[in-house]
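> Here is my input; please provide its structure:
(2 chains)
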Amino acid sequence: MSPTRRLILVLSVLSAVLVLAAAGSLFLGSAQLSPSAVVSAVAGRAAPESVERVVTLSIRLPRIAAALLAGGALAVAGVAFQALTRNPLAEPSVLGISAGAAFGVVIGQSFGLGLTFRAAVGLTAFAFAGALLAAGAVYLIAAVGAGLSIQTLLLAGVIVGIFFSAAITVVISLLDFNRLGGVVHWLLGNLAPIPPGALGLFAVLSALGFALVVTHARELNLMALGEEALLQLGVAADRLKLTIFLGAALLTASVVAFVGPIGFVGLIVPHMLRILLGSDNRLLVPAALVGGGIFLLLADTLARSIVAPAELSVGVITSFCGAPFFIYLLRTPLPRQPLMPTAPPPGPVEA
Amino acid sequence: MYLVAAHHVADALSLMRRLGVLTGRETAAGPVVARLEQRIEAVKTAVAPFGRPRVLYVLWPDPLIVPGREALVTELIQLAGGQSLTADDADAWPRYSLEAAVAKSPEVILLANHGAGTGAVSIRSGSASPRFPPSNPGGFCPSAET
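Predicted coordinates:
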């Protein structure tokens, strides 16, 4: 089967699963709405201020959209960071980049940024700056000698993550008490409904980050061969790495700014998909976009149903899944988790 | 050091009397408590002819924290002629999901402002169902005045 046909097939299957998961999620939640009430709200037959309309269209639907966006963005960022660092355990939270972005958000919030569309732009800029700062720090700490070893990179990520977490604690300690509860909730991952303007901005930024990564998916495959191979094939390695890095950092920063630092999605989803689909990034990147959305949507549906009428933060669910998965990957010999396709991708490569 | 924990109005009144004893102002505490009891009775009489509106008291909006059975606020709402929608929860201050709160169709929502300088509580009254303030990006809680 040709790569294009395989991509279409995979995306079709994943999209069908996504639609089913989204539809199922619309019917589940701590408000005990009947299926007919939900259908009535979706069809526009419910009264404007009825419970079923408010719950279905103003709470559940925006939340589903946020989960799909955030999950897809984190999974694509995970694929990108793993290819960029040639490290199977790399992902935004493990590398400390989510913590850096979260620090940026907290600083932005201390200046009063938050609710409106323009403020959300500023908030994302703070998150992006924090992500770049954290990633730069990780690189400077880890880049000792010839390259980036897996262990050194992970330790550098842990150190930077702890540092920024401590910095966040300092800022929170100085913030007005009225904001503390919100901060703590958001730091665990909060998919509460986002205002429509901010949700649109989230979608645009995620699309931009995704475009930066997916348009270089073929080169990402070559990156696994090493920088010399890239140069021999006429690929500008530095420019490629910068593009991928900016795309992944933008995806991470967007997610952190709008729903908080949710961990391990960028680890679990790419590896599950590699098991199913192989390691060709031309297939993996778009599949991660859909697969990540499905994963986070399922996690959030569980989080808002399992302890009703209360609810858990979605980050709790992803961490419960991700921590054992991380240990599994850490204890698994690397050859079982290839980060490159078994055969070089066919066709010419654009510089 | 004298620690207090008043979960009901009777506890609070008893506590006031006790504080009067502890501070040597027993004679002053008595009339204060008596006035409060009179006011409570007056409010109960005044609201008796009316129906009980469904009240959602929001201690904290994000995550949503509301008064349960063991919270003093629950009894205050009852005495003031309302019906606290979260009174059936066994905890004093349980966490609630937004949609679970909406599903209870509150008619009045009281938002605690935690000393924001706008009075004891900010009051929002609605017809059939509430329109909650959406969470802002970054997840911080909106101000009490919203």
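
> how about low-confidence regions in the stretch 151-300 of chain A?
When residues are selected by pLDDT under 70, those of the stretch 151-300 of chain A lie in A:177-182.

> Which residue ranges of it form helices?
Applying DSSP state H, counting those that start in this stretch to the stretch 151-300 of chain A gives helices spanning A:180-187, A:196-214, A:217-223, A:227-232, A:237-259, A:265-277, A:281-303.

> Would you mind telling me which of these is nearest chain B?
Across these, chain B has its closest neighbour in helix A:180-187 (2.6 Å, CB to the nearest CB). In short, each C-beta sits where N, CA and C put it, glycine included.

> ok, how many other residues are close to residue B:44?
13 (other CB atoms under 10 Å in any protein chain shown).

> What of residue B:79?
14.

> residues in contact with it?
Contacts for residue B:79 (CB atoms under 8 Å, 6 or more residues apart in numbering or on different chains) come out as B:9, B:40, B:43, B:44.

> Can you say which helix or strand has the third one in it?
This points to residue B:43. Take DSSP states H and E as the rule and residue B:43 turns out to sit in helix B:26-47.

> Could you export the helices of the stretch 151-300 of chain A as a markdown table, including mean neighbour count?
Formatted as a markdown table, those follow (neighbours: other CB atoms under 10 Å in any protein chain shown):
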| stretch | mean neighbour count |
| --- | --- |
| helix A:180-187 | 22 |
| helix A:196-214 | 19 |
| helix A:217-223 | 22 |
| helix A:227-232 | 14 |
| helix A:237-259 | 25 |
| helix A:265-277 | 24 |
| helix A:281-303 | 26 |
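
> for these, which one sits closest to residue A:32?
Among those, helix A:281-303 comes nearest to residue A:32, with 15.0 Å by CB to CB.

> Tell me if the closest one is near chain B.
No - contact of helix A:281-303 with chain B (CB under 8 Å from any CB of the partner chain) is absent, the minimum separation being 9.7 Å.

> and what of stretch A:33-42?
Yes - if you take CB under 8 Å from any CB as the test, stretch A:33-42 does meet chain B, through residue A:33.

> In chain B, where is pLDDT below threshold?
B:114-146.

> which residues in it form strands?
B:54-58, B:60-61, B:64-65, B:83-84, B:95-96, B:108-112, B:121-125 (DSSP state E).

> Now restrict the contacts of residue B:79 to buried residues only.
The neighbour count (16 or more other CB atoms under 10 Å in any protein chain shown) marks residue B:9 as buried among the contacts of residue B:79.

> Locate the residue of chain A with the greatest distance from its centre.
Most distant residue from the mean C-alpha position of chain A: residue A:47, 36.0 Å away (CA atoms, centre = their mean).

> Quick check: the gap between it and chain B.
For residue A:47, the distance to chain B (CB to the nearest CB, to the nearest Å) stands at 8 Å.

> Now that residue. Its backbone dihedrals?
phi -60, psi 150 (degrees, to the nearest 10).

> Chain neighbours aside, what residue packs nearest to it?
residue A:53 (6.6 Å; CB to CB, 6 or more residues apart in numbering or on different chains).

> Provide a list of residues in contact with residue A:214.
Going by CB under 8 Å, 6+ apart, residue A:214 touches A:76, A:285, A:286, A:289.

> was I right about the first one contacting residue A:211?
By that I understand residue A:76. No - if you go by CB atoms under 8 Å, residue A:76 and residue A:211 don't touch, sitting 10.3 Å apart.

> Residue A:158: how many residues sit nearby?
15.

> so residue A:302 touches residue A:317, yeah?
Yes - with contact defined as CB under 8 Å, residue A:302 counts as touching residue A:317 (5.6 Å).

> I'm done for today, thanks for sticking with me.
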